[in-house]
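Visitor: How does the following fold in three dimensions:
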Amino acid sequence: MNIRSLTRGDGVVIGAAVVLFIASFLDFSSYDCPQGVDCSRFDSPNAWDSLGLLMSVFLAGVIGAALLIVSRTMPGRKVVGLDLGQFGAALTVFALWTAFWTILDVNSAGAGLILGLLATIVLVAGAVAGPMIPALKAPLVSPASPAQGVGAGQAPYGAGPGQGYGFPAGQQQQQPYGAQPSQGYGYPGAPQQGGPAQADPAQAQQAQAQQPSQGGAAPAGDFTPFWFAVPVARPLYGEDGSPNPIAELAPGTWYLAVEQRGQSLIAQTQDGRRGVLQDTTGIQRG
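Guide: Presented below is the predicted three-dimensional model:
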């Protein structure tokens, strides 16, 4: 489950669901206590005293919100042929519809019913308008650095200490083929203290003999794994060519590109799943 795939719209949905659940414990209706009558013994019912109201408004909205969040963090799940997000949005609309007609039918609505109606309005707004309004599509959690998630003192897979894929610092300075390692005091052929460097004829001949064979070597490959982020949510398909996505890459999260296949990338999620990212336009390299 990728928590960083949640958006601000999802945060609105979660907040509205919490308020809706709290409202279910408040008074369903209100009444005016006559003067001179002790009304402290009267207990006004709440939604938990009416099973139909509880299930059709309060719990329907909470369950719909839960399905919406699960669909964001675990895409591809379906219920009776519908995506979890579509099913959850339909439940929130049903909860709002029922709450609206219920409050019209009650002579004196209590705090629980009024707050429940307001919560369902916000819930439907977050569920329906969240994927369409840019402000609500922004990540709920700030983007993490590619180096996060790696233990202290450890480097990402395939990178040297203190380096990461795609970073300029992560590309080590390469020496020409046939060149000797950086020389310093103590290496053969290096300047010794107190005098100029002296060339060893035997070592010079050995280096010249190695240069033709090393010069004919070819690089291992042009592709270097790198970290990247997507500008908008994009599906990640299985490497077996299945048409159904196995995950959804969310903006604000860094992913690792481990291989390139034509215009597509083989990406690895933070939980270790690998798949094909077919749409690579506008990605941000780390």
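Visitor: Tell me the confidence at residue 275?
Guide: Each residue has a pLDDT score; the one for residue 275 is 91.
Visitor: SS state for the nearest residue to it once chain neighbours are set aside?
Guide: The shortest distance from residue 275 to any non-neighbouring residue, by C-beta to C-beta, 6 or more residues apart in numbering, is to residue 236 (3.8 Å). Using the backbone N, CA and C atoms, a C-beta is placed for each residue, glycine as well. Following DSSP: H, G, I helix; E, B strand; the rest coil, we place residue 236 in the strand state.
Visitor: hmm, who's touching stretch 126-139?
Guide: Applying C-beta atoms under 8 Å, 6 or more residues apart in numbering, the contact partners of stretch 126-139 are 4, 6-10, 12-13, 16, 64-65, 68, 88-89, 92-93, 232, 250-253.
Visitor: Swap in 6 Å and give it another go.
Guide: 7, 8, 9, 12, 13, 68, 89, 92, 251, 252 (C-beta atoms under 6 Å, 6 or more residues apart in numbering).
Visitor: what comes up buried for stretch 71-88?
Guide: 71, 72, 73, 75, 84, 85, 86, 87, 88 (16 or more other C-beta atoms under 10 Å).
Visitor: Looking at those, which is nearest residue 100?
Guide: The nearest member of the buried residues of stretch 71-88 to residue 100, counting by C-beta to C-beta, is residue 88 at 19.1 Å.
Visitor: Who are the packing partners of the helix or strand where that closest one lies?
Guide: When elements are assigned from DSSP states H and E, residue 88 belongs to helix 84-105. Helix 84-105 sits against helix 59-73, helix 111-129, with contacts defined as 3 or more C-beta pairs under 6 Å, 6 or more residues apart in numbering; DSSP states H and E.
Visitor: Out of these, which gets nearest to residue 53?
Guide: Judging the helices and strands packed on helix 84-105 by C-beta to C-beta, what sits closest to residue 53 is helix 111-129, at 8.5 Å.
Visitor: Now tell me which helix or strand of the chain has the poorest mean pLDDT.
Guide: Within the chain, no helix or strand scores below helix 201-215, which has a mean of 47 by mean pLDDT, DSSP states H and E.
Visitor: C-terminal to that helix, what's the next element?
Guide: Following helix 201-215 toward the C-terminus (DSSP H and E): strand 226-229.
Visitor: name the helices or strands packed onto that following strand?
Guide: Applying 3+ C-beta pairs under 6 Å, 6+ apart, one finds that strand 226-229 contacts strand 255-261, strand 284-285.
Visitor: Pick the most deeply packed of those.
Guide: Of all the helices and strands packed on strand 226-229, strand 255-261 has the most neighbours on average by mean count of other C-beta atoms under 10 Å, namely a mean of 18.
Visitor: Cheers, nothing more for now.
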